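Novice: Sequence and predicted structure, then a few things I'm wondering about:
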4 protein chains.
Amino acid sequence: MFGSDNQAGASEPVLAAITAAYSATGQDAYGADDYTAAGAAAIREVFDTDASVFFVSSGTAANMLALSAMVDPWDGVVCHHQAHVLLDESTGPALFTGGAAMLPVPDRTVRMTPDQLDDMMTRLPNDVPHNIRARTFSLTQANECGQVYSVAEVTALNEMAKSHGLSVHMDGARFANAMVELDVHPSEATWKAGVDVLCLGASKNGAVAAEAVVFFDKTLAENFEFRMKRTGHLTSKARLYGAQFSAWLADDHWRDLARHANTKANELRSAIDELDGVRMAWDCQSNESFVIFEKALFTRLLDAGVSMYDWYPSAMPAGETLASNEQLARMVTSFATSSEDIAAFVDLVMSA
Amino acid sequence: MFGSDNQAGASEPVLAAITAAYSATGQDAYGADDYTAAGAAAIREVFDTDASVFFVSSGTAANMLALSAMVDPWDGVVCHHQAHVLLDESTGPALFTGGAAMLPVPDRTVRMTPDQLDDMMTRLPNDVPHNIRARTFSLTQANECGQVYSVAEVTALNEMAKSHGLSVHMDGARFANAMVELDVHPSEATWKAGVDVLCLGASKNGAVAAEAVVFFDKTLAENFEFRMKRTGHLTSKARLYGAQFSAWLADDHWRDLARHANTKANELRSAIDELDGVRMAWDCQSNESFVIFEKALFTRLLDAGVSMYDWYPSAMPAGETLASNEQLARMVTSFATSSEDIAAFVDLVMSA
Amino acid sequence: MFGSDNQAGASEPVLAAITAAYSATGQDAYGADDYTAAGAAAIREVFDTDASVFFVSSGTAANMLALSAMVDPWDGVVCHHQAHVLLDESTGPALFTGGAAMLPVPDRTVRMTPDQLDDMMTRLPNDVPHNIRARTFSLTQANECGQVYSVAEVTALNEMAKSHGLSVHMDGARFANAMVELDVHPSEATWKAGVDVLCLGASKNGAVAAEAVVFFDKTLAENFEFRMKRTGHLTSKARLYGAQFSAWLADDHWRDLARHANTKANELRSAIDELDGVRMAWDCQSNESFVIFEKALFTRLLDAGVSMYDWYPSAMPAGETLASNEQLARMVTSFATSSEDIAAFVDLVMSA
Amino acid sequence: MFGSDNQAGASEPVLAAITAAYSATGQDAYGADDYTAAGAAAIREVFDTDASVFFVSSGTAANMLALSAMVDPWDGVVCHHQAHVLLDESTGPALFTGGAAMLPVPDRTVRMTPDQLDDMMTRLPNDVPHNIRARTFSLTQANECGQVYSVAEVTALNEMAKSHGLSVHMDGARFANAMVELDVHPSEATWKAGVDVLCLGASKNGAVAAEAVVFFDKTLAENFEFRMKRTGHLTSKARLYGAQFSAWLADDHWRDLARHANTKANELRSAIDELDGVRMAWDCQSNESFVIFEKALFTRLLDAGVSMYDWYPSAMPAGETLASNEQLARMVTSFATSSEDIAAFVDLVMSA
């Protein structure tokens, strides 16, 4: 139950919206339908700007298509050493971009700083065309380690990126969770803070499968439909995504869903602080928690049916190491997590 | 209303299945869920064989991923001169396969024959590595021109393909419509007739977005999840597709939907035979009809709100040409087409 | 001895230039050397314009790199049905361009006409992003069938291409042979006639391995060194190519070499006209001759050691077919072909 | 004069071999000529085994083509943090392999150890298909930092690689320099030590442009000509490379050239040890020396015409940093470096 927010179902309003959209007939295909238009309009309204908006079915598709619009095949994308686009999307970046590479910031900390970015860019081999040309900065919000960057941090990072000639991509697979934590207007945390393209995910927060690519810099969107088509992401009955987004954004439903997930994560973290055999690996906000278990306990919990993932050893910050009897794990809450889920986990730990 | 079967909505059982699947929680992500397993099992049962089955959101994704598992980057895919994989999927074939090319059979007829395939393969430049190496044969059923190949025809084409060393891919975006027309067991028209990989489409026939890649030759499926992942087609909450397929295949629902579409197409074609200013371009079965209008009539119908597509001039068979005042068009019926839709069209033609 | 102009060696001035260039030391690498600069300057002088010039080792590399600078990955390149870039460069076009496809003009004639190009473009499916977007026109000079387009023809074809929004690429693997035949200034046959990018080949005409990509439209060259580098075509000791080109272009050496090859081809063609069992398939200029042999004779000649290639049956013009006892073949002369070679061939035919 | 071994010319025997090869005519094209066969045979003899051998014009082409035969598009190549294939070949790896990524060993030392490799592989995210699958280990000999791995070290690294399921690629751009240093039979340092594919470079050591891809594991070579052709690396008059390799390998010419370069490097390093304002960054063997200058001195030397490259700051070993007035540089000797070159450098430093 803490394995991934992808394991949850979808919210009632989202499901009702899908049913309503497909009970209608006579809608044009490939995104020229009313639901796609309405979903895009809803996003523009929420972000209070005239963005170009496209919808796809997966976060990988959203991130990869967005990056493909931002780099040439001989370019590189600067990112955190644990970024999803670096580690968890296979070799998608090279496929979609025609060859571009990921360039992780070498500092192994749980959040990036402008100084780290500056230092990396200053030291990066830059004798083109031999070396890879850094072209775009990808920032994840909420980030790869379950933390949330403040608006000031996002702004400072993006300013540093732009001072080095990089455009800015934001992987917002859990953007809603960050918004609830930050409690600011979405525009403040994105285009007003220097984000050029946002991948806004709904799938992990109550939707069936719905990700938006939001081009605040509309010039980058010029050929996007070509990109979607040839990668198989121009869905024929495309209303699926717009319908979900309209319902998800309406009446702050997306915030309510995310707030629930964050609240349950906070409950979980508070509980962990009281338990033996398990501790937070570092401070977390949002709905992801990174936790260190005694290995024997971890195994017993898995055997008892607790769903959670052992996590990449490389996520540990530089200088911190796990003891040989310790296991790093990730625990994720969702809109569907209940207090009973947490209580059951606590009971299992205490009785283990 | 005759523009595309993609313009229809989805059937009630399919929508109910989606709602049910996402009302559950605690399902594993990325296809390791119960719904995906059930959908795949349903396909194996319908085809009466132990195939490897994967689900994606679009027909382009299904076809391209399937072909990428069947060819090397220096290979070619032999297909009809009007094949969807040749004309309508942008440069997707090259992207997914790493470079493979489409090799259309040059004869411009509305259906392929084994002799055409033999003649093409015999004359094809084959001095590798300079020339492109033909490796796979892609057959569309129901075909690109609204016709259906008999089981004997499929068998003969595939035998010819295999005699030239080609594996066989079937683009079954409208496979259900063909099945209703042929009235045979699905196994007879596919793996028993030499098909190695079938792309089975539900999207055009009552689903929201659901396409299956069915590997009758399971050895070709070895790396398929890698292919899905890096192209962004490994959906996280993947139960969407399996849930739809289970509902679609249950109780012959898929056949009922297709039978309705075909029946309405036959009604439309009968009506056209009685009308002035419009005639069939060639005989059609299935739910697609290719029609020649007097241009003035065509324009008036579009102005009156009839939804239909003007069609590629290159689809006209060799030796047949349109008069300067004629327009080729495609009209498609779906599970949602009503007799009223056809009557309205007839009235508009007669009053035009 | 008539198999290919690639079977010949290299001319003495070219070889001497290589030896001289590499007897020097202290030259910068990767094209920043004096020889590369001199070779590029020589080309600009010959063409009397300020082009951007790059050198590579093979015609495939030149053509593919040039096309990659002219199209997007979702585009198509219009070409002759027998074009080298279509048939003889494997799936290089898709690799270098990131996916672009070749779009052959369907008319099966030995030379293209503006009307054919116009008709093709008018009928080409153009509903983007679904269909492939035609973006560039590739013309071969001397052409694929051993003919040479007049300046007027080149101009008319290119004007038609540009009226349809296509840029113009010229595959000049045998451009020298065409120049000798046309007897015009190189600028007249290229940029003044609408060519944007010329691939100028020396390898088939006396060089070791030297092909130039000449951007008359310099804006297209912007990222060319990135393209060269990542495809492995940015040679480290790059002086090889410039040295060859300087020697090749000096004192009309390239024309002298090509004139010899053309003259010998004319001698061969005259001889063939007098022989039994062999005839020209169609009129040829330049150093390529397409010939129809009686099959038995063809086999006996190969057995006797004559080097020549059987040729693609698909090269036969529409409406013309080979008899069952006939064989299409290609015979190519070079700067090294001697009258004795031709006499020996004639003797073998007469004694066969 | 110390910028790169690529700045030197070519040796007399190599140049004579090229002239001889191209003074002949009647050789088959695309590698089916006598010179290519002889060059390949010479390599098999030198390595005392039955390898599959192919020739290309650049080291990037050799490395990239080799790797493309060793990985799938969803795989990764493990390498040193300063590997040429990681830093200096643009995004070539992704292009040639269809998307594969480089996976550098994180330890920032000047030579890799089996423990580092083991640790990396143990910690590498390996939840496929989400994570990139490590598939091949690429080792550079002489290495990226001017050092040479002993046979025992190569063997131990390769055994560790294979214990993790990785095949082994050796980037031998300066393999000759390593051989001279090690003074062992080439077979001992390659296939007997676990190398599956060797890229053997001659270009940096006296050739014009000649790199061999040597498949000790011949099964990996199956489709190599397809790979060469579509990347533009199947040169038409291919005898260029074989001719060079035959001359280069004959009579230990390759070792003599490399011995000269190494000897001059040792002279240079001895001189540096006696100079003020410059010191070795770390111990070097082979013909590359990594040197730390006082910045002011470095600038004065460049101004005085010394050719050398400032080098990547990231090459500094972990824990070692440059002072703000220091500059890391690379100095390379070649077969053409003279004692006068070194003396001139010493004079300039002392007079600066």
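Specialist: Great, that's in hand.
Novice: didn't A:Ala247 look like it was pressed against A:Thr19?
Specialist: No: using Cβ atoms under 8 Å, A:Ala247 is not in contact with A:Thr19; the gap is 10.6 Å. Where you see a C-beta, it was placed from the backbone N, CA and C, and this is true even at glycine.
Novice: More neighbours: which of the two?
Specialist: A:Ala247 (28 against 19; other Cβ atoms under 10 Å in any protein chain shown).
Novice: Not counting residues beside it along the chain, what's closest to A:His253?
Specialist: Nearest non-adjacent residue to A:His253, counting by Cβ to Cβ, 6 or more residues apart in numbering or on different chains: A:Pro13, 5.7 Å away.
Novice: next one: A:Ala10
Specialist: B:Tyr22 (3.8 Å).
Novice: cool, and A:Ala212?
Specialist: Using Cβ to Cβ, 6+ apart, the closest residue to A:Ala212 is A:Leu200 (4.4 Å).
Novice: Each with direction, which strands does the host helix or strand of that neighbour pair with?
Specialist: Assigned by DSSP states H and E, A:Leu200 falls within strand A:197-201. Strand A:197-201 has the following sheet partners, assigned by DSSP bridges: strand A:167-172 (parallel), strand A:211-215 (antiparallel).
Novice: check contacts around the residue nearest to A:Ala212.
Specialist: A:Leu200 makes contacts with A:43, A:62, A:172, A:175, A:211-214, as judged by Cβ atoms under 8 Å, 6 or more residues apart in numbering or on different chains.
Novice: ok, of these, which one's closest to chain C?
Specialist: A:Val213 (15.2 Å; Cβ to the nearest Cβ).
Novice: Kindly state the beta-bridge partners for that closest one.
Specialist: Beta-bridge partners of A:Val213, as defined by DSSP bridges: A:Phe54, A:Cys199.
Novice: Check what pLDDT it gets.
Specialist: For A:Val213, the pLDDT comes out at 98.
Novice: show me where the stretch 201-350 of chain A has strands.
Specialist: A:211-215, A:278-280, A:288-294, A:309-310, A:326-332 (DSSP state E, counting those that start in this stretch).
Novice: residues making contact with stretch A:155-163?
Specialist: In contact with stretch A:155-163 (Cβ under 8 Å, 6+ apart) are residues A:78, A:112-114, A:117-118, A:137, A:139, A:149, A:167-168, A:193-195.
Novice: buried ones in it?
Specialist: Across stretch A:155-163, burial judged by 16 or more other Cβ atoms under 10 Å in any protein chain shown covers A:155-158, A:160-161.
Novice: got CSV for those, with pLDDT too?
Specialist: Shown next, in CSV, are the buried residues of stretch A:155-163 (pLDDT from 0 to 100):
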residue, pLDDT
A:Thr155, 98
A:Ala156, 98
A:Leu157, 98
A:Asn158, 98
A:Met160, 98
A:Ala161, 98
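Novice: Sort out which of the residues you listed are in helices and list them.
Specialist: A:155-158, A:160-161 (DSSP state H).
Novice: Now for the residue of the stretch 251-352 of chain A found nearest chain C: which residues touch it?
Specialist: Proximity of the stretch 251-352 of chain A to chain C (Cβ to the nearest Cβ) peaks at A:Ser314, 28.1 Å away. Counting by Cβ under 8 Å, 6+ apart, A:Ser314 makes contact with A:81-82, A:108, D:123-125.
Novice: likewise A:Asn6?
Specialist: Applying Cβ under 8 Å, 6+ apart, the residues contacting A:Asn6 are A:203-204, B:29-30, B:236-237.
Novice: Next, it: secondary structure please.
Specialist: Of the three states, A:Asn6 takes helix according to DSSP: H, G, I helix; E, B strand; the rest coil.
Novice: Setting the sequence-adjacent residues aside, check what's closest to the residue in the stretch 201-350 of chain A positioned nearest to chain B.
Specialist: The nearest approach of the stretch 201-350 of chain A to chain B comes at A:Gly232, 3.0 Å away (Cβ to the nearest Cβ). Nearest residue to A:Gly232, sequence neighbours excluded (Cβ to Cβ, 6+ apart): B:Ala61, at 3.0 Å.
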